[in-house]
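Colleague: Below are the sequence and a predicted model for it; my questions follow.
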Amino acid sequence: MNFEKNENMFLRTKHVESKLVFGDPRFISKPWLTLIIPTYKRPELLKQALDSVLSQFHCSFFWDVIVVDNEKFDGKINKTEALIRKINNPRILYYRNCEQLRPGDNFNRGILLARGQWVSMLHDDDILTRSALKNLGKIIHVYSRSNFKKELGAISALYYQFYDSQESKYRPSEIDNLDAYLSSLPTNYALLNLTHRWLWFTSHLGGLVPSNGTVLNRKAVLDVGGFNDDFGICADLILFYCLENKYRVYSLTSPIGFYRWGKNSMSQITSTRKVVQNCFDVREYIYGKSFCSKILSLLLKRSHYFQFTSDVVKEYNNVNANKILLSEFDNIYKSRPFRCTFIIFRGVRKIYESYKHLETKRILKKILKGEGV
């Protein structure tokens with residue numbers, strides 16, 4: 001499978017209508033940023049997400065909110081529509097699909113419906129800090145200056161995780177206090193530059209789940225074809241990888257939201273297996289791109305798989321009572337790295353992370369001086 005094929009995924013669902021059920025686009029006629037929230041039958045969680053959005057600090061730009069409901073439109077008021085009408089905020093445009101779309105296709109529908117130059121993502125079970133959009137606006141303005149060599153394509157958001165379990169590091173009742181603290185801090189303009197090399201040195205594709213304020217250049221996403229659900233559960237990470245071919249992609253270094261574990265698909269073992277399998281498939285594709293990458297794969301493949309899968313297993317076990325073992329993924333890739341090779345890989349990874357930290361400081365210093373990078 002060619003993970004970098006430039007297929008227009010927006011055309012695949014062109015025949016599916018999304019009805020504007022609530023809201024007037026004329027209220028904010030020309031938003032600079034559109035925040036999109038894809039949702040499906042989770043009004044109680046959606047309310048928390050919308051509360052965090054509608055309590056944002058004042059921004060120096062126009063922005064609106066699009067909620068794309070993936071519960072098939074049947075002409076009747078469902079629970080999600082009832083919630084939207086109860087909130088009754090003119091900033092919200094509520095759409096409902098006439099046919100149920102795949103998750104990535106529903107993300108694409110939100111991007112297609114968005115009118116802003118920039119699109120900010122928020123899952124319906126996640127929460128933004130009150131200063132999120134204000135800070136993002138400032139950061140985008142600085143990093144969009146014309147004297148950069150490439151156009152800005154995306155900024156992956158950083159966030160805290162909280163869980164619907166007794167083991168949660170951050171209880172929902174504590175989030176307000178943490179939000180107040182984070183929102184009182186000055187804007188952090190330091191961004192981590194994400195490139196294809198990120199995989200070679202860390203075993204990860206780079207970029208986090210596109211929620212909690214992850215911002216996408218709408219034109220850039222349309223250019224590369226959007227989210228491709230044919231690529232599986234990691235289609236969102238592959239979108240970042242594809243954007244890196246033509247655009248600058250960064251990650252925030254300060255959190256601007258709270259990502260919920262416990263009521264989403266990632267708390268299920270089947271989804272965890274799909275993440276490991278999909279990321280393995282992507283690495284296999286990248287290994288085969290050139291003669292040099294094939295040689296490097298002979299040295300790195302075992303370490304990459306072991307490190308990435310170990311990280312996934314650790315994350316899963318942090319939030320689930322039923323623990324899993326690394327050996328449960330041996331049907332994907334059984335070989336373990338040689339001890340000396342893995343030690344070298346871990347050392348190189350630490351060196352690369354230190355280098356990226358210094359690079360972040362260098363880029364920040366230049367942009368604050370108004371220089372190109």
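Modeller: Ah, there it is. Numbers count the residues shown, from 1 in each chain.
Colleague: give me every residue that touches His123.
Modeller: Ile37, Pro38, Ala49, Val209, Ser211, Asn212, Tyr259, Arg260, Asn264 (Cβ atoms under 8 Å, 6 or more residues apart in numbering). Where C-beta positions appear, they are placed from N, C-alpha and C, glycine not excepted.
Colleague: Kindly apply the preceding question to Val313 instead.
Modeller: If you count contacts by Cβ under 8 Å, 6+ apart, then Val313 has Thr272, Ile324, Leu325, Leu326, Phe329 around it.
Colleague: just the contacts of His123 now: which is nearest Ala180?
Modeller: Within the contacts of His123, proximity to Ala180 (Cβ to Cβ) peaks at Asn212, which comes in at 17.0 Å.
Colleague: That closest one: what secondary structure?
Modeller: The three-state label given to Asn212 by DSSP: H, G, I helix; E, B strand; the rest coil is coil.
Colleague: Quick check: phi and psi on Ser120?
Modeller: Phi and psi for Ser120, reported as degrees, to the nearest 10, are phi -110, psi 130.
Colleague: now it, which residues is it bridged with?
Modeller: Leu35, Val215 (DSSP bridges).
Colleague: Kindly supply the PyMOL command isolating those of the contacts of His123 that are buried.
Modeller: With 16 or more other Cβ atoms under 10 Å as the criterion, this PyMOL line picks the buried residues out of the contacts of His123:
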select buried, resi 37+38+49+209+211+212+259+260+264
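Colleague: ok, Tyr247 - contacts?
Modeller: The contact partners of Tyr247, by Cβ under 8 Å, 6+ apart, come to Lys150, Glu151, Leu152, Gly153, Ala154, Asn217, Ala220.
Colleague: Ok, Thr253 next?
Modeller: Leu158, Asn188, Ala190, Leu191, Leu192, Thr360.
Colleague: picking that back up, which ones among the contacts of His123 lie within helices?
Modeller: Among these, DSSP state H puts Ala49 in helices.
Colleague: so who does the residue sitting nearest the centre point of the chain touch?
Modeller: When Cα atoms, centre = their mean is applied to the chain, the residue found nearest the centroid is Pro210 (1.2 Å). Taking Cβ under 8 Å, 6+ apart, we find Pro210 in contact with Phe107, Met121, Ser156, Ala157, Leu216, Asp236, Leu239, Phe240.
Colleague: Am I right that the first one falls within a helix?
Modeller: Which is Phe107. Yes. According to three-state DSSP, Phe107 belongs to a helix.
Colleague: Pretty sure it sits against Met121.
Modeller: Yes. Counting by Cβ atoms under 8 Å, Phe107 does reach Met121; the two are 7.4 Å apart.
Colleague: Which neighbours do those two have in common?
Modeller: With Cβ under 8 Å, 6+ apart, Phe107 and Met121 have common neighbours Ile36, Pro210.
Colleague: higher neighbour count, these two?
Modeller: Phe107 (27 against 24; other Cβ atoms under 10 Å).
Colleague: Below-threshold pLDDT in the stretch 51-200 of the chain: ranges please.
Modeller: Filtered on pLDDT under 70, the stretch 51-200 of the chain yields the residue ranges 146, 164-173.
Colleague: how about the helices in it?
Modeller: Ranges of helices in the stretch 51-200 of the chain, per DSSP state H, counting those that start in this stretch, are 79-87, 103-113, 132-143, 172-184, 197-202.
Colleague: Can you pull out the residues in contact with the last one?
Modeller: Residues outside helix 197-202 that contact it (Cβ under 8 Å, 6+ apart): 204-206, 283, 286, 296, 300, 304, 307, 348-349, 352-353.
Colleague: List just the nearest of the residues you listed to Glu315.
Modeller: Among the contacts of helix 197-202, and counting by Cβ to Cβ, the member closest to Glu315 is His204, at 11.9 Å.
Colleague: I'd assumed the closest one was in a helix, is it?
Modeller: No. Using three-state DSSP, the assignment for His204 is coil, not a helix.
Colleague: Tell me how many other residues surround it.
Modeller: Neighbour tally, His204, other Cβ under 10 Å: 17.
Colleague: likewise Ser183?
Modeller: Neighbours of Ser183 under the rule other Cβ under 10 Å: 18.
Colleague: do the one 10 residues further on as well
Modeller: Each residue near Asn193 was counted by other Cβ under 10 Å, and the total is 18.
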